[in-house]
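Colleague: got a sequence here, can you build the structure:
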Amino acid sequence: MERRTFIKMGGYAALAAGLGVPSLAAAAGKNIVYLTPGLDLPFWRYLSKGIEDTVKAKGYGFQVLDSHNSAQTQLQNAQDSIGRKIAGLVLSPTDSSTAPSVLALAQRAKVPVVIGDIGTNSGDYASFIVSDNYKGAYGVGEGLAAALKKKGWLGDSVGIIAISQARKNGQARTKGFLDGLKAGGFTGKQAGMQQMQSYTAQETFTFTQDMLTANPGMRGLFVQTDQPSIGALRAIKAARRQGQVLLAAFDGIPEFIDLIKSGQIVVDGMQQPYLMGVTSGKALLEVLDGKTPEKDIQVPVLAVTSENIEQQLPTIRKTVFASEV
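Modeller: Below you'll find the model as predicted:
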């Protein structure tokens, strides 16, 4: 049985601001590449920054390549990177079914790979760093149920705007949320589920509008990632349903702080992407040092509400936002 390590927030040093520009100035074999699904989402930028800070501190060059949520682009980026004889690769795949082809390429070239989030259906890798998505989403479900209970809405309907359910983390988020809702006393029905494709606020705005129209009695909505949650809020306001539809979110961006404080987001499951990036970088450095990192490393998700956000902010600034706020 694989061992599982739970990471706690450590006292990392002050972080440099901003996402690094690709650096390939180091000698051949001293470069590390990060393949990310899409840098348009803040989550992946924060995770990238954590990797960059960690590997550059040990003298490695760093480059991040955006897959633009395309499996074909991801594979091409992997081929190009591995062809340059890089030292190692951190992979956040477009979804769990597209990761094996990248892992197979890396294995043939003897390039070590650490997977940073999402996961893979198969293939060889050195370490998998992931949030406890089930537990984090379970907490979001419980938090939304508690807010619904205060309003007397536990018997009404709740919708979900999900990340791809082809991703293992997406499956865990959906199951965890529904289980948490039930544990919190929710007895209503599900007002449908939409899966994101472009992961934009506009896409979620449209999904939310459609859900509100089809489910006039909908009282809750769970959006499974950060920036798209802003689109859901815009749609709720456009429909003049503020205070009538409670929004629960996942991940975090600086704009969420005031939205949580004001109750516009009633609960948010904040992953700690910068910490995940640091942990991914450290695991890859262990491999390059001839050591064996833990195979499965889980990073906790912070359940943030208006009641605890002030207490959580010092941690959020370091491990979620990479000190952007």
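
Colleague: which strands and helices sit next to the helix or strand where S48 lies?
Modeller: When elements are assigned from DSSP states H and E, S48 belongs to helix 42-56. Based on contacts counted as 3 or more C-beta pairs under 8 Å, 6 or more residues apart in numbering; DSSP states H and E, the elements that helix 42-56 packs against are strand 31-36, strand 61-66, helix 226-238, helix 273-288. No exception for glycine: its C-beta is placed from N, CA and C like everyone else's.

Colleague: so how far is it off the chain centroid?
Modeller: Offset of helix 42-56 from its chain centre (C-alpha atoms, centre = their mean, to the nearest Å): 13 Å.

Colleague: could you do stretch 40-51 as well?
Modeller: That offset, for stretch 40-51, works out to 9 Å (C-alpha atoms, centre = their mean).

Colleague: now S122. Nearest residue, chain neighbours left out?
Modeller: P100 (4.9 Å; C-beta to C-beta, 6 or more residues apart in numbering).

Colleague: which ones are touching the one you found?
Modeller: 120-123 (C-beta atoms under 8 Å, 6 or more residues apart in numbering).

Colleague: now those residues in CSV, with neighbour count and distance to Q76?
Modeller: Formatted as CSV, the contacts of P100 follow (neighbours: other C-beta atoms under 10 Å; distance: C-beta to C-beta, whole Å):
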residue, neighbour count, distance to Q76
T120, 22, 18
N121, 13, 20
S122, 10, 21
G123, 18, 18
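
Colleague: hang on, the earlier thing: now mean neighbour count and distance to G50 too, for the helices and strands packed on helix 42-56, in TSV please.
Modeller: Formatted as TSV, the helices and strands packed on helix 42-56 follow (neighbours: other C-beta atoms under 10 Å; distance: least, C-beta to C-beta, whole Å):
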stretch	mean neighbour count	distance to G50
strand 31-36	26	10
strand 61-66	20	11
helix 226-238	21	16
helix 273-288	25	2
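
Colleague: could you provide these in CSV, with additional columns for distance to D210 and mean pLDDT?
Modeller: Below are these laid out as CSV (distance: least, C-beta to C-beta, whole Å; pLDDT from 0 to 100):
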stretch, distance to D210, mean pLDDT
strand 31-36, 29, 98
strand 61-66, 29, 98
helix 226-238, 9, 97
helix 273-288, 29, 97
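
Colleague: now the ones you listed as CSV including distance to I163?
Modeller: Listed next are those as CSV, based on distance: least, C-beta to C-beta, whole Å:
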stretch, distance to I163
strand 31-36, 14
strand 61-66, 17
helix 226-238, 9
helix 273-288, 14
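
Colleague: ranges for the helices of the stretch 1-150 of the chain?
Modeller: 42-56, 71-83, 99-109, 133-151 (DSSP state H, counting those that start in this stretch).

Colleague: alpha carbons of the second one, in CSV - could you do that?
Modeller: This means helix 71-83. In CSV, the C-alpha atoms belonging to helix 71-83 read as follows (Å, rounded to 0.1, in the frame of the first residue of the first chain):
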residue,chain,number,x,y,z
ALA,A,71,-4.5,17.3,-25.0
GLN,A,72,-2.8,17.8,-28.4
THR,A,73,-1.0,21.0,-27.3
GLN,A,74,0.0,19.2,-24.0
LEU,A,75,1.5,16.3,-25.9
GLN,A,76,3.4,18.7,-28.3
ASN,A,77,4.7,20.7,-25.4
ALA,A,78,5.9,17.4,-23.8
GLN,A,79,7.6,16.3,-26.9
ASP,A,80,9.4,19.6,-27.4
SER,A,81,10.5,19.7,-23.8
ILE,A,82,11.8,16.2,-23.6
GLY,A,83,13.6,16.7,-26.9
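
Colleague: which of the helices of the stretch 1-150 of the chain is buried the deepest?
Modeller: Mean neighbour count (mean count of other C-beta atoms under 10 Å) peaks for helix 42-56 among the helices of the stretch 1-150 of the chain, with a mean of 25.

Colleague: what does that helix rub up against?
Modeller: With C-beta under 8 Å, 6+ apart, helix 42-56 has contacts from 15-16, 18-20, 23, 32, 34, 36-39, 62, 64, 90, 92, 116-117, 225-227, 251, 253, 271, 273-282, 284-285, 320-322.
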